[in-house]
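**Student:** sequence plus predicted model, see below.
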Amino acid sequence: MSTRPNLHLLPQTRQLRALHTAVRDRRAGLDVFVRHSRRIIRLLLEAGLDQLPFAEHDVTTPVGATYRGLRQAVDVCAVAVVRAGESMEAEVRDILPDVRIGKILIQRDKRTKLPHLYYEHLPHDIAGSHVLLLEPMLATGGSANAAIEVLRKAGVREEHIVLIGFIAAPEGVAAVGAAHPGVRIVVSAMEERLNDDAFMVPGIGDFGDRYFGTTHSGA
Ligand code: PRP
């Protein structure tokens, strides 16, 4: 079997590229960055939910006809990789108002770029759930892999994890695919490469800083 991961790249529509143009512009202020990011996050989450199992479900329409439909057939949790992953929580709640949300705090060491796990708090029954893992940035993939390992230790099956990324580098996708081939990855754009600081190029900068307004660079 190839180690190629289960990568689902959103259709690169002109509309999506226009949203990316807004958020990638280094001059984008907090309002512009958050508003356009949220629209992309919404698309990502809808695509992520589409990766989960459905069951047939018929309904009667207002004209008395039968619509042969579908409904989500499994329990779904979300788990945010703090801090950047928390940017996706509001949209998850909009779509799934009663969703249970876990947290995993992972930070990259500023020098080595290696992930360090500080904290985890997951829904007690997560082992039986499908999980949307909210991790916007897949650079080296180290943070995502560390978060997936936390979920695996909690009993979640690899095939039940859908990683919701915002942008990803080929190196990050390959690293997750090699370590956890059963995990599906949904992203809105693939980057060219990593630079020497392990930042993605062309990239978006530090997503957490830009989304939460903690960057000092406004220019
Ligand atoms: C950033 C980003 C990801 C991680 C990706 O987090 O939010 O979690 O790096 O890099 P990797 O794929 O090489 O591990 P950071 O540790 O900077 O913290 P933040 O979420 O607070 O920005």
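**Tutor:** In hand now; what should we look at?
**Student:** get me the contact residues on this protein for the ligand.
**Tutor:** When proximity is defined as Cβ under 6 Å from any ligand atom, the chain approaches the ligand at 81, 83-84, 107-108, 113, 115, 135, 137-144, 172, 198, 206-208. The way it works is simple: take the backbone N, C-alpha and C, and place the C-beta from them, glycine included.
**Student:** weed out the non-buried ones from those residues.
**Tutor:** 81, 83-84, 108, 115, 135, 137-144, 172, 198, 206-208 (16 or more other Cβ atoms under 10 Å).
**Student:** outside of the longest helix anywhere in the chain, which residues touch it?
**Tutor:** Secondary structure of the chain per DSSP state H: the longest helix is helix 30-49. For helix 30-49, the surrounding residues in contact (Cβ atoms under 8 Å, 6 or more residues apart in numbering) are 8, 10, 16, 19-20, 22-23, 25, 28, 72, 76, 87-88, 90-92, 94-95, 132, 162, 164-166, 186-188, 210-211, 213.
**Student:** now do stretch 149-165, average pLDDT.
**Tutor:** On average, the pLDDT along stretch 149-165 is 98.
**Student:** and the residue lying closest to residue 136 once chain neighbours are set aside, backbone torsions?
**Tutor:** Leaving aside its chain neighbours, residue 136 sits nearest to residue 166 (3.7 Å; criterion: Cβ to Cβ, 6 or more residues apart in numbering). When read as degrees, to the nearest 10, the backbone of residue 166 gives phi -100, psi -60.
**Student:** what's the answer for residue 104, then?
**Tutor:** phi -130, psi 120.
**Student:** and it, what pLDDT?
**Tutor:** For residue 104, the predicted pLDDT is 97.
**Student:** sorry, back to before: mark which of the contacts of helix 30-49 are buried, thanks.
**Tutor:** Buried among those (16+ other Cβ under 10 Å): 8, 16, 19-20, 22-23, 28, 76, 87-88, 91-92, 132, 162, 164-166, 186-188, 210-211.
**Student:** one step back: in the longest helix of the chain, what counts as buried?
**Tutor:** Buried, per 16+ other Cβ under 10 Å, within helix 30-49: 33-34, 36-45, 47-49.
**Student:** before we move on, what about stretch 177-192?
**Tutor:** 177, 179, 180, 183, 184, 185, 186, 187, 188, 189, 190, 191.
**Student:** which stretches of the protein form helices?
**Tutor:** Going by DSSP H, the chain shows helices at 14-24, 30-49, 89-95, 142-153, 170-179, 207-212.
**Student:** and residue 66, which of those helices is closest to it?
**Tutor:** Among those, the nearest to residue 66 by Cβ to Cβ is helix 30-49 (24.0 Å).
**Student:** now the angle from the closest one to helix 14-24?
**Tutor:** Calculated by axes from the mean of the first three to the mean of the last three Cα atoms, to 10 degrees, helix 30-49 forms an angle of 130 degrees with helix 14-24.
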